[in-house]
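> coordinates for the following, if possible.
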Amino acid sequence: MYPSIVENLAHNAIKNLDKLCLADEKQALTYKQVWDSICGLAMHLEKLGVRRGSCVVVECNQSADYMICEFAIHLLKGIFVPLEKNAALPRILEIAGDTEAVLHIGLKPVEELSAIPHLSIGEATDFALGCERDGVYRGSIEDLEIVDFPAGEDVSEILFSTGTTGKSKGIVLTHSNDIAIAENVCCGVKMKPDNVEMIPMPTSHSHGLRRTYANMANGSSVVFVDGIMLLKKVFKMMDDYKVTSMDLSPSMLSIFFKLSKDRLGDYKDVMDYIQLGSAPLSEEDKEHLSRILPNTRLYNFYGSTEAGCSCLMDFNGDSKAPGCIGKPAVNAHFIVVDENRNEIESSPDNLGFLASSGAINMKEYFKAPELTAEAMPDGDYIYTKDLGYIDEDGYVYMLGRKDDVINYGGIKISPEEIESMVIKNDIIADCACVPVKDALTGQAPKLYIVLAEGAEYDDRSFKSFLSEVLDANKLPKYVEQIDEIPRTFNGKIIRKKLMEL
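Okay, here's the model as predicted:
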């Protein structure tokens, strides 16, 4: 691969000018149209003050235009700083101020950012080469030798976390990081050249962005949808663009099942793979998806914004115990360490903390050298608080975050293991398990449940069910009904909020 995603896209455009590149609910663009739009927009952005190292904040609207804006910024060696769709004003101002942004791109101007230029995201293709604007005809460029692409070590983007408390962390990534992660995805899912991937995950965050990067590097096609709540539209776009793969969060998969039953099974002969990540996937949903898509590769992946997609497992072809996150991807290496970050020989009875290294690892945290030193003190491995182990066959297991794993009298219990069993009960719409203090055992599992619509709770019958599906030492000591389980945008349980109840 070439040193940056935008350079790979350009070369793929020259090879496949008329191939579908990016599509959304309003437009479908070929590789030539996308590349000409990137080049033309880059020329305009340069007039607006974007230079090498300049930060540009861009509000996501899950579209081809949004990605064209990103790649035009990259072509100028600028730094892409994405913002969530409908981001709150304080967050926009904080990130634009911290990064000293020279330009704001979004649906409409922000009055409080009047000191810097604004560009409407809908104008992304208006400056395309080969079209006329303001009486000037812009000729198409197809000779890539005259294009000055970014180098691998140049910073490509700063992705700000959506932390539930305190100030967001900015994860600084280079073009080399983007390429290494794209290779992990392409190799991990065995992506074919004619892949057409539907991405409903927000492209303001690493999950959706990196799947898009992988397809652009591979010369494949991407179809954007803004979530999946409008399933009729989703299925129509799947049919119109002959989608062969999808990228989902576990919560989105649950919505598919609840709103359309087994309709995904209608695509069993065309769906090459589905990849799921960003939050733990329940064993029940794994089994259900495997039943309706028996010939589709179904990947559960593990990763982070800091270290990208680093582990994958096809759970439709590789049967392992709950908690297995697969084997390290091509550009990732895993070790398990103790509390002092010394490497250990891990096992189910000797858990440690997962740490990974490779070209996928971020450059640093933005303007936070202390945080950077804490996460990657040797500049090589990123150390996590994820408890797990590596088995004799090289498979990696992750039981949960240190603060989430329940230490029940010395027995380590994964909350996800309890949740995956509880959710199988028909009266349960959602659930979450957290550790609580216990005088006898130190900690004990507490289960929060949300009842399905119309369901009635019977304590004796529910606890009898728990006794049938869980080992005695994993039975929740407390069960409490609540109206809603707090989750992040991508479905992760916010356990801290539950532990504060």
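> low-confidence regions, the protein specifically.
For the chain, the stretches with pLDDT under 70 are 131-142, 162-167, 278-280, 410, 489-490.
> tell me which residue is most central in it.
Centroid check for the chain by C-alpha atoms, centre = their mean gives His207 as the closest residue, at 1.7 Å.
> hang on, it in a helix?
Yes. Under DSSP: H, G, I helix; E, B strand; the rest coil, His207 falls within a helix.
> how near is it to Phe301?
Applying C-beta to C-beta, to the nearest Å, the value for His207 to Phe301 is 9 Å. Yep, even glycine has a C-beta here, placed from its N, CA and C like the rest.
> which residues do the two both contact?
Contact criterion C-beta atoms under 8 Å, 6 or more residues apart in numbering; residues shared by His207 and Phe301: Gly277.
> which phi and psi does the closest residue to Glu153 other than its chain neighbours have?
Among residues not flanking Glu153 along the chain, Thr174 sits closest, at 5.7 Å (C-beta to C-beta, 6 or more residues apart in numbering). Backbone torsions of Thr174, given as degrees, to the nearest 10, read phi -110, psi 170.
> distance check, the residue nearest to the centre of the chain against Thr305.
With distances taken as C-beta to C-beta, His207 is found 9 Å from Thr305.
> ok, now Ile423?
27 Å.
> residues in a beta bridge with Cys433, which ones?
Assessed by DSSP bridges, Cys433 has beta-bridge partners Leu447.
> distance-wise, check it relative to Ile493.
Distance from Cys433 to Ile493, by C-beta to C-beta: 9 Å.
> the more surrounded of these two?
More crowded of Cys433 and Ile493, by other C-beta atoms under 10 Å: Cys433, with 27 against 23.
> can you show me the CA trace of stretch 230-248 as CSV?
Extracted in CSV, the C-alpha atoms of stretch 230-248 (Å, rounded to 0.1, in the frame of the first residue of the first chain):
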residue,chain,number,x,y,z
LEU,A,230,-35.2,3.6,9.0
LEU,A,231,-34.8,-0.1,8.1
LYS,A,232,-36.9,0.2,4.9
LYS,A,233,-34.5,2.7,3.5
VAL,A,234,-31.5,0.6,4.7
PHE,A,235,-32.7,-2.6,2.9
LYS,A,236,-33.5,-0.6,-0.2
MET,A,237,-30.0,0.8,-0.3
MET,A,238,-28.6,-2.7,0.3
ASP,A,239,-30.5,-3.9,-2.8
ASP,A,240,-29.8,-0.8,-5.0
TYR,A,241,-26.0,-0.9,-4.4
LYS,A,242,-25.8,-4.7,-4.1
VAL,A,243,-24.1,-4.5,-0.7
THR,A,244,-21.9,-7.5,0.1
SER,A,245,-20.7,-6.6,3.6
MET,A,246,-21.7,-4.5,6.6
ASP,A,247,-20.2,-2.9,9.6
LEU,A,248,-22.3,-2.8,12.8
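> mind listing what's buried in it?
By neighbour count with 16 or more other C-beta atoms under 10 Å, stretch 230-248 contains the buried residues Val234, Phe235, Met237, Met238, Tyr241, Val243, Thr244, Ser245, Met246, Asp247, Leu248.
> turn those residues into CSV, columns for secondary structure and distance to Glu343.
What follows is the buried residues of stretch 230-248, written out as CSV (DSSP: H, G, I helix; E, B strand; the rest coil; distance: C-beta to C-beta, whole Å):
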residue, secondary structure, distance to Glu343
Val234, helix, 45
Phe235, helix, 48
Met237, helix, 47
Met238, helix, 45
Tyr241, coil, 47
Val243, coil, 43
Thr244, coil, 41
Ser245, strand, 36
Met246, strand, 37
Asp247, strand, 33
Leu248, strand, 34
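> between those residues, which is nearest Tyr213?
The shortest separation between Tyr213 and any of those is 11.8 Å, and it belongs to Asp247 (by C-beta to C-beta).
> got a list of what the closest one touches?
Glu197, Met198, Ile199, Pro200, Met201, His207, Gly208, Arg211, Ile274, Gln275, Leu276.
> need the residues you listed in a markdown table (columns: secondary structure).
Below are the contacts of Asp247 laid out as a markdown table (three-state DSSP):
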| residue | secondary structure |
| --- | --- |
| Glu197 | strand |
| Met198 | strand |
| Ile199 | strand |
| Pro200 | coil |
| Met201 | coil |
| His207 | helix |
| Gly208 | helix |
| Arg211 | helix |
| Ile274 | strand |
| Gln275 | strand |
| Leu276 | strand |
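> which one of the residues you listed is nearest to Cys55?
For the contacts of Asp247, the nearest to Cys55 is Gly208 (20.5 Å; C-beta to C-beta).
> separation between that closest one and Asp349?
Going from Gly208 to Asp349 by C-beta to C-beta gives 38 Å.
> who's more crowded, those two?
Gly208 (23 against 7).
> might one say that the more buried one is in contact with Met198?
No. At 10.8 Å, Gly208 does not count as touching Met198 under the criterion of C-beta atoms under 8 Å.
> and the longest helix anywhere in the chain, what's buried?
Criterion DSSP state H: the longest helix present in the chain is helix 31-47. If you call a residue buried by 16+ other C-beta under 10 Å, then helix 31-47 has these buried ones: 31-42, 44-45.
> any idea which helix or strand comes after that helix?
Next along the chain after helix 31-47, taking DSSP states H and E as the criterion, comes strand 55-59.
> so which elements touch the helix or strand following that following strand?
Remark: after strand 55-59, the chain's next helix or strand is helix 64-75, criterion DSSP H and E. With contacts taken as 3 or more C-beta pairs under 8 Å, 6 or more residues apart in numbering; DSSP states H and E, helix 64-75 sits against helix 5-15, strand 20-23, helix 31-47, strand 55-59, strand 79-83.
> and the angle from helix 64-75 to strand 55-59?
170 degrees (axes from the mean of the first three to the mean of the last three C-alpha atoms, to 10 degrees).
> centre of the chain to helix 64-75, how far?
19 Å (C-alpha atoms, centre = their mean, to the nearest Å).
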